[in-house]
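Participant: Show me the folded form of this:
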Amino acid sequence: MRSPIRLAMVLGLLAIVGGHLLDGGNLFALFHATALLIVVGGTASAVLLQTPAHSLRRGLALSRDAFDDDAPPDAAPAVETLVEFSRMTRRDGFLALEPYAQAETDTFRRRGLELLIDGVEPDELRSTLEIDLATYEMSERQAGRIWESAGAYAPTMGIVGAVMGLIHTMQNLAQPADLGNGIAVAFVATLYGVGAANLILLPLANRIKMRIVAEVQLRRMLIEGYCAIAAGSHPNVVDRRMRGYLVEA
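Facilitator: Residues are numbered from 1 along each chain as shown. Okay, here's the model as predicted:
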């Protein structure tokens, strides 16, 4: 496994399955199509009902990022870039940033560079970028919240599956041979709901939250850097100010 989060999830699943086997349980008893359908289908339906399409798409993208990359955004390269931009603008003027703005793929960074090139005053630059940052943070948190919601709905769907299994059991009291299936649905559905919430959905939601916090902090640092450059601060001053945003290893 390339990512520690994947390894942790596998470890959690192995702990549950291993504990079940060590206690003499049957591995196949943990797999039940009816219980899986109730928990997965019910949870997905509840999330879809409450989530706008654009937030759903972004939430899925955030989950892929959380699995693919274990590290938060690294601010150190951005600090070096800001200091270099400060040197360039003091030497050659703000128009020297134009090639970098055209090549920049990140919308927020490109907007900051364009404001510098246009000669916007530091206060107006800060106000404009902070609006962009607030909009970004609200959108990202709303998208990431779908996993937190899924983590809340999954155990409830497990309880729904348990109730349905018990209903099936009560309907077949006169037929002892059919009781096992209803009881299996009841317990396995609860296991699926609680397990999915605590081993996958809620940890993933918290991980996405931490990544959003790190990205917002990086963008706050960029705002400070752009404002310092717009004010004509010395590169050494820009460097010292930006270093305050870095977390020492």
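
Participant: Quick one: mean pLDDT for stretch 38-52?
Facilitator: Taken as a whole, stretch 38-52 has an average pLDDT of 94.

Participant: Ok, stretch 172-192 next?
Facilitator: Mean predicted lDDT for stretch 172-192 stands at 74.

Participant: what's the answer for stretch 59-68, then?
Facilitator: For stretch 59-68, the mean per-residue pLDDT is 82.

Participant: Restricting to C-alpha, output it in CSV.
Facilitator: The C-alpha coordinates for stretch 59-68 follow below in CSV (Å, rounded to 0.1, in the frame of the first residue of the first chain):
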residue,chain,number,x,y,z
GLY,A,59,-16.6,15.5,-2.5
LEU,A,60,-15.7,12.5,-4.6
ALA,A,61,-12.7,14.3,-6.0
LEU,A,62,-11.6,15.2,-2.4
SER,A,63,-11.8,11.6,-1.4
ARG,A,64,-9.6,10.6,-4.3
ASP,A,65,-7.0,13.2,-3.3
ALA,A,66,-7.1,12.0,0.3
PHE,A,67,-6.2,8.5,-0.8
ASP,A,68,-3.7,9.4,-3.4
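
Participant: buried ones in it?
Facilitator: Judged by neighbour count (16 or more other C-beta atoms under 10 Å), stretch 59-68 contains these buried residues: Gly59, Leu62, Ser63, Ala66. Placement of C-beta: from N, CA and C, glycine included.

Participant: Which strand or helix spans Gly112?
Facilitator: Using DSSP states H and E, Gly112 maps to helix 107-117.

Participant: Quick check: can you list the domain ranges of the chain?
Facilitator: 1-30, 32-243 (automatic domain parsing).

Participant: Return the most buried member of these.
Facilitator: Ranked by mean neighbour count, these are led by domain 32-243 with a mean of 17 (mean count of other C-beta atoms under 10 Å).

Participant: hang on, the earlier thing: ok, and what's touching the helix holding Gly112?
Facilitator: 85, 89, 94-95, 97-98, 100-101, 104, 124-125, 128-129, 132-133, 136, 219, 222-223, 226, 229-230 (C-beta atoms under 8 Å, 6 or more residues apart in numbering).
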